[in-house]
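J.: A predicted structure for the sequence below; I have some questions about it.
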Amino acid sequence: MHVQEWLDSVPAVAVYAVVALVIGLESLGIPLPGEIILVSAALLASQHSGVNPVVLGACATAGAVIGDSIGYAIGRKGGRPLLAWLGKKLPRHFSAGHVATAERSFEKWGMWAVFFGRFVALLRIFAGPLAGVLHMPYWKFLVANVLGGICWAGGTTAVIYYVGIVAEDWLKRFSYVGLGVAVLIGLASMLIIRRKARKAQPDQREAEPVGAGE
């Protein structure tokens, strides 16, 4: 079956559910590729008449807000022992250095760390649980969480959707070659950003315990 025909056969409700679920789990604190899923779904919406980009953005936003809120509740109840346990189970994502970096961001920026953290892979995973661990007032967390979720999910969906529409003719012309090049460019960009983030990460020995979030 042709790729486009296969994409057209994917039920829109399945796309909405997968996007909301993956982003929700990532926001809760489970390291999943939420941004990649959202970008892929937005591109699909630009090629799939059955997938509504507005509904897609709303589902992504709902997943982000609900996931972060659950993560906040878990972090508030589990406290620092939860971070220590996660560090043992998932050392690549919850290492002492990553936790210290996230804590310094919260100490410096407060609720803005939750808002802007939605756009940063590391903080997107940490924001909810860490805000709970640091006892950030929930109303502050909720405001930043909702606004960040709307801007990130809605903005990403809109930008990628319109880029997909503009690129439709180009992709059709080059078929799998164009799609392959697009995927390689995306992967290369992700690797470059990760490498820069690692180089910029402060030495974890400089980290100091952070008190309750303001």
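T.: Yep, that arrived.

J.: For the rest of this, base every contact and every neighbour count on C-alpha atoms.
T.: Noted.

J.: my read: Gly24 touches Ile70, true?
T.: No - in this structure Gly24 lies outside contact range of Ile70 using Cα atoms under 8 Å: 9.0 Å.

J.: more neighbours, the two?
T.: Gly24 (27 against 19; other Cα atoms under 10 Å).

J.: Within the helices and strands, which one has that one?
T.: In this assignment (DSSP states H and E), Gly24 forms part of helix 12-28.

J.: list the buried ones in stretch 50-70?
T.: The neighbour-count check on stretch 50-70 (16 or more other Cα atoms under 10 Å) flags 51-53, 56-70 as buried.

J.: As CSV, could you dump the C-alpha coordinates of that stretch?
T.: The C-alpha coordinates for stretch 50-70 follow below in CSV (Å, rounded to 0.1, in the frame of the first residue of the first chain):
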residue,chain,number,x,y,z
GLY,A,50,-9.2,13.5,8.9
VAL,A,51,-6.7,14.8,11.6
ASN,A,52,-7.8,18.3,12.8
PRO,A,53,-4.8,20.3,13.9
VAL,A,54,-6.9,22.3,16.4
VAL,A,55,-8.1,19.1,18.1
LEU,A,56,-4.6,17.7,17.9
GLY,A,57,-3.2,20.8,19.7
ALA,A,58,-5.9,20.6,22.3
CYS,A,59,-5.2,17.0,23.0
ALA,A,60,-1.4,17.7,23.3
THR,A,61,-2.1,20.6,25.7
ALA,A,62,-4.4,18.5,27.8
GLY,A,63,-1.9,15.7,28.0
ALA,A,64,0.9,18.1,29.0
VAL,A,65,-1.2,19.9,31.7
ILE,A,66,-2.7,16.7,33.2
GLY,A,67,0.6,14.8,33.1
ASP,A,68,2.5,17.7,34.8
SER,A,69,-0.2,18.0,37.5
ILE,A,70,0.0,14.2,38.3
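
J.: which residues sit against that stretch?
T.: Contacts of stretch 50-70 with the rest of the structure, by Cα atoms under 8 Å, 6 or more residues apart in numbering, involve 8, 11-12, 15-17, 19-29, 38, 41-42, 44-46, 127-129, 142, 145-146, 149-150, 152-154, 157-158, 161.

J.: run the last query once more with 7 Å
T.: 12, 16, 19-21, 23-25, 27-28, 42, 45, 128, 145-146, 149-150, 153-154, 157 (Cα atoms under 7 Å, 6 or more residues apart in numbering).
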